[in-house]
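Visitor: predicted structure and sequence below. I'll ask about it afterward.
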Amino acid sequence: MPRRSYDQYCAAARALDLVGDRWTLLIVRELLAGPRRYTDLHADLPGVSTDMLATRLKDMERDGLTVRRRLAAPASVYVYELTPRGRELLPVLDALAEWGAPELAERRATDAVRAHWMALPVRRDLERRGVTGVVEVRVDEGVFHVRVGGEPVYGEGEFAGEPDLRLDLRGSSRPFSQSSDSGTSSPSGD
């Protein structure tokens with residue numbers, strides 16, 4: 001299928017030619033956690049059809065945003081991961097998340113949610129506060145960890161080693177980036 005284009009000699013239009021299709025930036029969000037199998041991507045992108053996901057991944061590979069590679073035995077499965085060009089989209093996702101945060105005032109009954117979807121706003125807020133290292137975060141929906149100043153940017157579940165900081169945001173009704181310094185987040189650890 002030929003790529004659709006705005007056919008405009010404009011940096012924003014060319015960028016949108018690459019990442020402006022539905023699902024593309026959400027796939028990038030998922031791949032910021034590191035290499036992912038197709039089935040894992042599909043599970044964490046509720047609402048995307050298998051055909052649409054396959055098409056977007058092929059487009060992203062063609063455009064140099066992702067690569068598909070086979071893991072060594074015993075796994076021998078294919079994974080998708082971001083290229084350096086694809087990882088350059090992190091500030092774009094940060095800006096979109098910040099811009100969209102006011103839309104999170106009330107969770108709709110039809111909204112899907114995954115704990116790790118909060119990783120990018122939490123990581124950005126920690127970065128602004130001068131925190132570095134690995135931070136393990138507990139929210140009502142589960143646990144994830146973020147790397148402030150490193151890659152992969154985040155991961156699902158508890159950190160395999162000892163995190164530099166632990167945050168417990170359970171019971172917080174507002175996204176972390178909108179919480180006050182007065183205590184909706186409660187750090188624990190050293």
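Guide: Okay, I see it. Predicted model only: the values in this text are computed from it and were never measured. Residues are numbered from 1 along each chain as shown.
Visitor: quick check: buried residues in the helix or strand hosting Asp125?
Guide: Assigned by DSSP states H and E, Asp125 belongs to helix 119-128. Counting neighbours by 16 or more other CB atoms under 10 Å, one finds that the buried residues in helix 119-128 are 119-126. To be clear about C-beta, it is placed using only N, CA and C from the backbone, and glycine gets the same treatment.
Visitor: what sits up against it?
Guide: 29, 32-33, 90, 93-94, 97-98, 101, 135, 137, 144, 146-149, 153-154, 167, 169, 175-177 (CB atoms under 8 Å, 6 or more residues apart in numbering).
Visitor: let's go with 10 Å and repeat that
Guide: The contact list for helix 119-128, computed with CB atoms under 10 Å, 6 or more residues apart in numbering, reads 29, 32-33, 90-91, 93-98, 100-101, 104, 116, 131-133, 135, 137, 139, 144-149, 153-156, 165, 167, 169, 175-179, 185.
Visitor: quick one: the strands in the chain, in order.
Guide: Applying DSSP state E to the chain gives strands spanning 66-70, 78-82, 133-139, 142-148, 154-156, 165-168, 186-188.
Visitor: which residue lies nearest the spatial centre of this protein?
Guide: Of all residues in the chain, the one closest to the mean position by CA atoms, centre = their mean is Arg29, 2.9 Å from it.
Visitor: OK, contacts around that one?
Guide: Counting by CB under 10 Å, 6+ apart, Arg29 has contacts 44-45, 89-90, 93, 96-97, 116-117, 119-120, 153-154.
Visitor: and which of those residues is nearest to Arg70?
Guide: Asp44 (21.1 Å; CB to CB).
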